[in-house]
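Q: output the structure for:
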Amino acid sequence: HLEALKKLVDRYQPTLLSEHLSWSRLGTTVSNDLLPIPYTPESMNIFVNNIDQAQNYLGRQILIENPSSYLEFDDSVYNEADFLVEVTRRSGAGILLDVNNVFVSACNHGFDPQQYILTMPSSAVHEIHLAGHSIQNFGNNTIRIDDHGSKVSQEVWDLYRFSLSVLGNKPTLIEWDSNIPTWTDLFKQDKLADTILSDNEPQLLQEIHRQGSFF
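A: As a prediction, the model looks like this:
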């Protein structure tokens, strides 16, 4: 897998390279989904070792993206935000912050999405993802699904604004993989992200001037 990935990276020289905080393979069986992991010291050691192996072989830093999740493990001793930050600190990897995934997981599990964002070190976050999600009902339970098939929700736009106010402006990608819209609709989403980024620049410059440095 790494050999094939290195050939791809060497050919196209992407500015950023990322993978999710999840797993998808057991032996020769590969899942087409991003499976959740328990946030334990054992899984952290495995994850850090795998990142080290990948980064050393590829000869470059990779970013680790927070996944959307629909269940939690009783064995976890870290929350996801702390686990992600510690994994990247120990491995030297960066963070790809998916704001939609933060919101989806926060709604599904009942944690504070803003506190999650506040845990992220600005210097480690190199990219932000946005996307749409769906809401599904199962009996008396409601679950949000990260399906990349609709416009970014207002709640996610609000969380994006908050993220930029905390972390500073970051390169941002809107993911839309299913129910592909017209170019006009997609362009409107792109322009909205640009507007929010532009609106944050004066606030960011004021904070830099007040602090005397980047945060």
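
Q: pLDDT below threshold where in the protein?
A: 202-215 (pLDDT under 70).

Q: all strands of it, in order?
A: 18-20, 23-26, 29-35, 63-65, 94-98, 125-131, 134-138, 141-145, 172-175 (DSSP state E).

Q: so which of those strands is the most surrounded?
A: strand 94-98 (a mean of 24; mean count of other Cβ atoms under 10 Å). (C-beta placed from N, C-alpha, C; glycine too.)

Q: show me what it is packed up against.
A: strand 63-65, helix 80-91, strand 125-131 (3 or more Cβ pairs under 8 Å, 6 or more residues apart in numbering; DSSP states H and E).

Q: what strands flank that strand, and is each parallel or antiparallel?
A: Using DSSP bridges, the strands paired with strand 94-98 in its sheet are strand 63-65 (parallel), strand 125-131 (parallel).

Q: okay, the ones you listed in a markdown table with distance to residue 28 next?
A: Formatted as a markdown table, those follow (distance: least, Cβ to Cβ, whole Å):
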| stretch | distance to residue 28 |
| --- | --- |
| strand 63-65 | 25 |
| strand 125-131 | 30 |
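
Q: how about those strands, which one is nearest residue 7?
A: strand 63-65 (19.9 Å; Cβ to Cβ).

Q: for that closest one, the distance to its chain's centre please.
A: Offset of strand 63-65 from its chain centre (Cα atoms, centre = their mean, to the nearest Å): 6 Å.

Q: can you list contacts of that strand?
A: 16-21, 51, 84, 87-88, 93-98, 101, 126-127, 129 (Cβ atoms under 8 Å, 6 or more residues apart in numbering).

Q: at 6 Å instead, please
A: Here strand 63-65 makes contact (Cβ atoms under 6 Å, 6 or more residues apart in numbering) with 16, 18, 20, 21, 88, 93, 94, 96, 98, 126.
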